[in-house]
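Participant: any chance you can model this:
(2 chains)
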Protein chains: 2
Amino acid sequence: MTPEDRDISVLIEPAELAGVGAGDAQESNTLDEDNRLKPAFVRKVREALEAGERDVVYDLVEPLHPADIADLFELVDADERGALARAISDQMSPEVFAELNDHVRELIVEDLPADQVADIAEQLETDDAVAMIEDLDEEDREAVLAEMEPEDRAAIESALAYPEESAGRLMSRDFIAAPEHMRVGDLIDYLRERPNLATEFWEVFIVDARHHPVGTCSLSWILRSPRTVALSDVMKRDQTLIDVGMDQEEVALRFQKYALISAAVVDVSGRLVGQITVDDVVHIIQEEAGEDALLLSGAGDGDINEPIRDSYFARVRWLIANLVTALLSATIISSFGGAIEKLVALAALSPMVASIGGNAGTQTMAVTVRALATNQLTRTNTRRILWREMRVAMLNGATVATLIGCATWAFFGNPLLGGVIATAVILNILTAGIAGLVVPVLLDRFDQDPAVASSVFVTMITDSMGFFAFLGLAVASGLVG
Amino acid sequence: MTPEDRDISVLIEPAELAGVGAGDAQESNTLDEDNRLKPAFVRKVREALEAGERDVVYDLVEPLHPADIADLFELVDADERGALARAISDQMSPEVFAELNDHVRELIVEDLPADQVADIAEQLETDDAVAMIEDLDEEDREAVLAEMEPEDRAAIESALAYPEESAGRLMSRDFIAAPEHMRVGDLIDYLRERPNLATEFWEVFIVDARHHPVGTCSLSWILRSPRTVALSDVMKRDQTLIDVGMDQEEVALRFQKYALISAAVVDVSGRLVGQITVDDVVHIIQEEAGEDALLLSGAGDGDINEPIRDSYFARVRWLIANLVTALLSATIISSFGGAIEKLVALAALSPMVASIGGNAGTQTMAVTVRALATNQLTRTNTRRILWREMRVAMLNGATVATLIGCATWAFFGNPLLGGVIATAVILNILTAGIAGLVVPVLLDRFDQDPAVASSVFVTMITDSMGFFAFLGLAVASGLVG
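Facilitator: Sure thing, here's the model as predicted:
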């Protein structure tokens, strides 16, 4: 709700807004217009924490939604998180743990005794429990598992047996499966009689005698069909099944492509073993799409809650890689030392040529990486897209080269220098267009994540080409010497 | 399904796989292991198109899912799309149009007569129909609307009255609302008796006499409750309402934060006017998260199907902006022309200092932009995160400065030159850490999208600082002159 809309509605019917928003009365005190916790509210909590007033903290936090409590943990300082958790211990519901940022949760969980972690994990859905436990070290994890009920423990151990980021880790083992001959009325009666079934489900999976899924029934179809109809007559036969070993990024792409709400997960023999619901996939879609910006920049996972040590190691690697590739440029410049001594303008202008090429290369690279990630760029259309990028590069090159060429001519009064820099810029933008497409596509062909290493190669290519083309042309054209 | 898994399952029970996947039998011919159309399949379609064999094209496309037909349009050349659409005209279902890439759809829709577009739009959900029509020019749009049934026309016109990318455009006007006193059994009977109700719904919204939502009932709760229970006793009162004017990015954040499947949309007076379902939000989450990588690189929307003209204008603006900021660096270098003439190594080394700073700045900037986009970074924790980034920068700076300092000393045999470059690198990486955080945060405070313009400013700052610190220190330290 934007502030403007709020004002308008207050003008029209002031009494009517009371029920709007997830508790609007409280929103005005604790949440800003973008649904984030207000700085003033967080300050109050921190002051109460510092003063040791646990009751005050408790009362402040009480009206919050679990997702906002999780946000609160991110917003207070790392050394205040333990005190906050203790002050609101019985509000630390499984929902709060499910919503916590991975890094923050790890810190809190490490501080809790194993039996308490086990209690929380038992109340979570399997996928959230696994997320909570998987990052603990071997010993702590064993201690937590030992405290759990055998059934919950078995579910988590079976999830942990699947590779990280696979459908097997992500799926919930709570789902509703019904035999094909069952009638709508019988299913409804069955569900009414068993209060302990899966808590959240949106579709019922119809299975044959071997427990293989043969169709899916959305709950709205069941609700709207007469009691006597067989489930096999209302189910959709054409369904998307998820293999238990499928990578979570692939799972997310299927959910997007086929607009799924939930999907059945099958093991290698085709038996139904779990379900994945869209709310678990939404986080993955967001993470996978957002991580490209981070990976392209060489910032690794790039979460602001990541321990500094991890951020340091993730980033310094790429800075050192950049150092090594920059050496190539330095070597090229050095080899033209004689020319630079004669015409020092070359030293001032050459970084511009390199920088514009780097910029153009980054543009094409970002487009390519996104198109690869969303399955838009495949072997089928690579050549056509390369030709497309070349045409964009020619237009960009012509425009920028004209500008820089004329400006250089005007400023230094040297038309040859203007011509040399314009030609170098065109060459470098074309090189950038090719490198920006070919480097990520090649990395993808060799099953490497194109977002991770493309930048280093593309920048190396455009930098070297920029310096080499400009300085080389300056010498070849007889501008110097 | 990975190829390995497929082999394993074939080994165990070859007959059992027939039903796995959205038609696995066909998958082997048309889809690769990543669920993309195979190049060989696309080639067959294109050859048949070129040979004018429309029957062959029709039969090839027939077994495809609408989402794959949409992909096929993206994969063939732009000038083949019209022929493909004509060859498979009765397979061009509304679902295919809903799945088409915006740019590709625009081209196809522009070619179709208004009455045919109107027919398709009538069968689509309001949000998909709006997406199809909103990009047409005024005249074509009017022609299409004139061909539509009054009711559908009214729905689309009312959606078009809301701003682009708002909840009002996104919402569906088909939803189920029930009064609070209604009993579970009555609702089920009501739904069974009316076959023409909303096609897709996952929750029922409970409204009071003024049509204001007072709670939400997930269908699974309705299915599992006795017929005599009142809806008000099974509904969840704490619900997230979406204001009709809310920006779609904000809508997507709410869906993520509160793990929603659907949400009620209310107008300014608090009346229920529509619903948004998660499958419509998934595309937005993916787009909004993915666009950061594109915007940071200055590639605009960056879709590979975007017309070349649009790509050119989107990108050349940033290249020209880059040109202007690079002038600042060139001016700084020029002003140290005397020093460079005396020690030409300065010309070779100074781009390295600038480049490493640029790289470090981009890392911090990418992390900051993501944290702002996901509401992780707010006024509450900005200062703490700045301090965090400074510490990471100090660690990175110390490491990289040591390497480059020692390497320079060793290579040029000049310890002072090594010291100068090491100091300049530390200064520039610290500057990069501050600029990478402060620039996007400031842009966000002034309600600008931090992903759009941050790069230009951050690069300008790190480039200028790199050249200035290195060349300035070289002079100040008495290394030259």
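Participant: which ones are touching residue A:310?
Facilitator: With contact taken as CB atoms under 8 Å, 6 or more residues apart in numbering or on different chains, residue A:310 is in contact with A:300, A:301. Placement of C-beta: from N, CA and C, glycine included.
Participant: which SSE is immediately downstream of the strand or helix carrying it?
Facilitator: Element membership of residue A:310 [criterion: DSSP states H and E] is helix A:308-335. Proceeding C-terminally, helix A:308-335 gives way to helix A:337-342 as the next helix or strand, assigned by DSSP H and E.
Participant: next helix or strand past that next one?
Facilitator: Following helix A:337-342 toward the C-terminus (DSSP H and E): helix A:345-373.
Participant: and the angle for that following helix with helix B:345-373?
Facilitator: Compare the direction of helix A:345-373 with that of helix B:345-373 by axes from the mean of the first three to the mean of the last three CA atoms, to 10 degrees and you get 30 degrees.
Participant: can helix A:345-373 be found next to chain B?
Facilitator: Yes - shown here: helix A:345-373 in contact with chain B (CB under 8 Å from any CB of the partner chain) through A:345-352, A:354-356, A:359-360, A:362-371, A:373.
Participant: for residue A:296, see how far away the residue lying closest to residue A:298 once chain neighbours are set aside is.
Facilitator: Spatial nearest neighbour of residue A:298, chain neighbours left out: residue A:318 (3.1 Å); criterion: CB to CB, 6 or more residues apart in numbering or on different chains. For residue A:318, the distance to residue A:296 equals 10 Å [CB to CB, to the nearest Å].
Participant: what of residue A:91?
Facilitator: Distance from residue A:91 to residue A:296, counting by CB to CB: 39 Å.
Participant: mind checking how far the helix holding residue A:310 is from the chain centre?
Facilitator: 26 Å (CA atoms, centre = their mean, to the nearest Å).
Participant: kindly report the same for stretch A:43-63.
Facilitator: Per CA atoms, centre = their mean, the centroid offset for stretch A:43-63 relative to its chain is 33 Å.
Participant: next one: stretch A:249-267
Facilitator: 17 Å.
Participant: next, the distance between the ends of that stretch.
Facilitator: 18 Å (CA to CA, to the nearest Å).
Participant: is it up against chain B anywhere?
Facilitator: Yes - using CB under 8 Å from any CB, stretch A:249-267 reaches chain B at A:250, A:253, A:254, A:255, A:256, A:257, A:258, A:259, A:260, A:261, A:266.
Participant: mind listing the strands in the stretch 101-250 of chain A by residue range?
Facilitator: Assigned by DSSP state E, counting those that start in this stretch, the strands in the stretch 101-250 of chain A fall at A:177-179, A:203-207, A:213-218, A:242-243.
Participant: so which of these is nearest residue B:138?
Facilitator: Nearest to residue B:138, of all these, is strand A:213-218, at 38.8 Å by CB to CB.
Participant: now do the closest one: everything it contacts.
Facilitator: Contacts of strand A:213-218 (CB under 8 Å, 6+ apart): A:177-178, A:180, A:202-208, A:231-232, A:234-237, A:239, A:241, A:261, A:264, A:266, A:272, B:19, B:200.
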